[in-house]
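K.L.:
with the input below, show me the fold.
(one chain, ligands or ions: 1)
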Amino acid sequence: MSIEELARKTIRELTPYQSARRLGGSGDIWLNANESPFANEYSVTCSRLNRYSECQPAELIQAYADYAGVDSKQVLTSRGADEGIELLIRTFCEPNQDSILYCPPTYGMYAISAETFDINTKIVPLTPEWQLDLPSIENNLNGVKLVFICSPNNPTGNVMKRRDIEKLLDMTTDKAIVVVDEAYIDFCLETSTVDLLAKYPHLVILRTLSKAFALAGLRCGFTLANTDVINLLLKVIAPYPVPVPVADIAVQALSVAGRAKTKYQVLDISANRAYLQAGLGMLPGVTVYDGYGNYLLVKFSQADALFTALWDHGIILRRSPIENCIRISVGNRDECEKTLAFIRAHVISQGNASANNDELNASN
Ligand SMILES: *Cc1c(COP(=O)(O)O)cnc(C)c1O
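P.N.:
Just a heads-up that it's a prediction; the model follows:
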């Protein structure tokens, strides 16, 4: 048997997640992975690396519990929120039997993690306003163990209505777990569902230090849930999931000073987002959707040509599965200015070209 044939059928047939990093590109402006433009400094002590880390470093768990306003028993840390997704699927779904339900357009890893473990996927698209289609979700709950929703949603940028999340929690009581992916919640903390943990034992919230905390390379995420859920996840997680230097750095990021710095950087990025939104919104044929995270989804009349022109010019953005839409991560002011200037020049020259064509066609 070839190595390929030795692999599970599921894996042979799997299309892996097309992360921004995997897609490559070469440029000097990278606004394709919703990373923070800030590179903050940390110090690491390497004096005890001969010893294993704690499974769930107490200081780190307490620091995140304080930040999120929950009890430390309601927090689990893992290798990014992505590992949280995987742990939930492995803990709650029986292969070739149970399903997860998710609502595209949304983050791609729910489906890919499920497929990797032979878990079925039920797809209930968001409404045209990119909100939850509650009647369709209710009709599709059979065999579903996990319902994934993302708020602010990646890539659309909007938040889900709180009332709808509550209705979803009501309709799934004693049936399924509702997972709210709050990877971008630090940009709009007032919309968090964390307070609903007190009322709903089957609510799970995913968080990360990758976005607002500017630590994508650290690989540190959190799952917030009631103790029954956390205790089950602890049975599944690897014995030493958090490297000692990761815990060290994460604790610094969550200190009073670290949180203040993040708060300031969130304000800075939000101001840049408003600048991009206003600038792009003025251009003919361009629609900018309201965004609550550190990115904007923008519709152009010819997104593919624009995307390629930007790419060739060293400005790397992210294509979206939504027709003619490009997702733009909010960078520093200089990156936003250069990106806006290039798009403005491109859109206006395209507009002139098509106007000239119209004139030519008219005179023919
Ligand atoms: C970035 C992102 C994640 C993954 O976060 P990590 O902690 O870096 O693994 C999860 N969900 C959404 C919606 C994201 O955009």
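K.L.:
in this protein, which spans are strands?
P.N.:
Applying DSSP state E to the chain gives strands spanning 29-30, 75-78, 99-102, 120-123, 144-150, 177-181, 203-208, 221-225, 287-288, 295-299, 315-316, 318-319, 325-329.
K.L.:
okay, those in TSV with mean neighbour count, distance to the ligand and mean pLDDT next?
P.N.:
For glycine as for every other residue, the C-beta is placed from the backbone atoms N, C-alpha and C. Formatted as TSV, these follow (neighbours: other CB atoms under 10 Å; distance: least, CB to the nearest ligand atom, whole Å; pLDDT from 0 to 100):
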stretch	mean neighbour count	distance to the ligand	mean pLDDT
strand 29-30	18	15	94
strand 75-78	24	8	98
strand 99-102	26	11	98
strand 120-123	16	16	98
strand 144-150	24	5	98
strand 177-181	24	5	98
strand 203-208	26	3	98
strand 221-225	26	4	98
strand 287-288	17	19	98
strand 295-299	24	9	98
strand 315-316	22	17	94
strand 318-319	19	11	94
strand 325-329	24	10	98
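K.L.:
can you add distance to residue 271 and give those back as JSON lines?
P.N.:
Output for those, formatted as JSON lines (distance: least, CB to CB, whole Å):
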{"stretch": "strand 29-30", "distance to residue 271": "18"}
{"stretch": "strand 75-78", "distance to residue 271": "31"}
{"stretch": "strand 99-102", "distance to residue 271": "32"}
{"stretch": "strand 120-123", "distance to residue 271": "37"}
{"stretch": "strand 144-150", "distance to residue 271": "24"}
{"stretch": "strand 177-181", "distance to residue 271": "25"}
{"stretch": "strand 203-208", "distance to residue 271": "22"}
{"stretch": "strand 221-225", "distance to residue 271": "27"}
{"stretch": "strand 287-288", "distance to residue 271": "16"}
{"stretch": "strand 295-299", "distance to residue 271": "13"}
{"stretch": "strand 315-316", "distance to residue 271": "20"}
{"stretch": "strand 318-319", "distance to residue 271": "22"}
{"stretch": "strand 325-329", "distance to residue 271": "15"}
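K.L.:
excluding covalently adjacent residues, which one is nearest to the residue in the chain that the ligand sits nearest to?
P.N.:
The ligand sits closest to residue 80 of the chain, with a gap of 2.5 Å, by CB to the nearest ligand atom. Closest residue in space to residue 80, ignoring its immediate chain neighbours: residue 221 at 4.3 Å, by CB to CB, 6 or more residues apart in numbering.
K.L.:
OK, contacts around the residue of the chain closest to the ligand?
P.N.:
Contact partners of residue 80, counting by CB atoms under 8 Å, 6 or more residues apart in numbering, are 208, 210, 219-221.
K.L.:
show me which residues of the stretch 151-300 of the chain sit near the ligand.
P.N.:
By the rule CB under 6 Å from any ligand atom, the part of the stretch 151-300 of the chain lying against the ligand is 154, 181, 183, 208, 210, 216, 221.
K.L.:
nearest to residue 59, of the residues you listed?
P.N.:
Sorting these by how near they are to residue 59, with CB to CB, puts residue 221 at the top with 16.9 Å.
K.L.:
pretty sure the closest one sits against residue 85.
P.N.:
No. Applying CB atoms under 8 Å, one finds residue 221 not in contact with residue 85, separated by 9.2 Å.
K.L.:
returning to what we had before: among the residues of the stretch 151-300 of the chain next to the ligand, which pair sits farthest apart?
P.N.:
Greatest spacing in these, by CB to CB: 181 and 216 (15.7 Å).
K.L.:
any idea how the chain splits into domains?
P.N.:
Per automatic domain parsing, the structural domains of the chain span 3-32+258-348, 58-255.
K.L.:
looking at the ones you listed, which is closest to residue 39?
P.N.:
Here domain 58-255 is closest among the domains of the chain (CB to CB), at 7.1 Å.
K.L.:
so what would you say the end-to-end distance of the closest one is?
P.N.:
Taking CA to CA, to the nearest Å as the measure, domain 58-255 stretches 14 Å from start to finish.
K.L.:
ok, longest helix in this protein?
P.N.:
Scanning the chain for the helix with the most residues, using DSSP state H, yields helix 333-363.
K.L.:
what's that helix packed up against?
P.N.:
Contacts defined by 3 or more CB pairs under 8 Å, 6 or more residues apart in numbering; DSSP states H and E place helix 333-363 against strand 29-30, helix 256-281, helix 303-312, strand 315-316.
K.L.:
what angle do that helix and helix 256-281 make?
P.N.:
Angle, helix 333-363 to helix 256-281, by axes from the mean of the first three to the mean of the last three CA atoms, to 10 degrees: 10 degrees.
K.L.:
in this structure residue 201 contacts residue 228, no?
P.N.:
Yes. Here residue 201 lies in contact with residue 228, judged by CB under 8 Å, at a distance of 6.5 Å.
K.L.:
and the gap between residue 68 and residue 287?
P.N.:
Distance of residue 68 to residue 287, computed by CB to CB, to the nearest Å: 34 Å.
K.L.:
same deal with residue 253?
P.N.:
Residue 253 sits at a distance of 36 Å from residue 287 (criterion: CB to CB).
K.L.:
per-residue confidence for residue 22?
P.N.:
Per-residue pLDDT puts residue 22 at 66.
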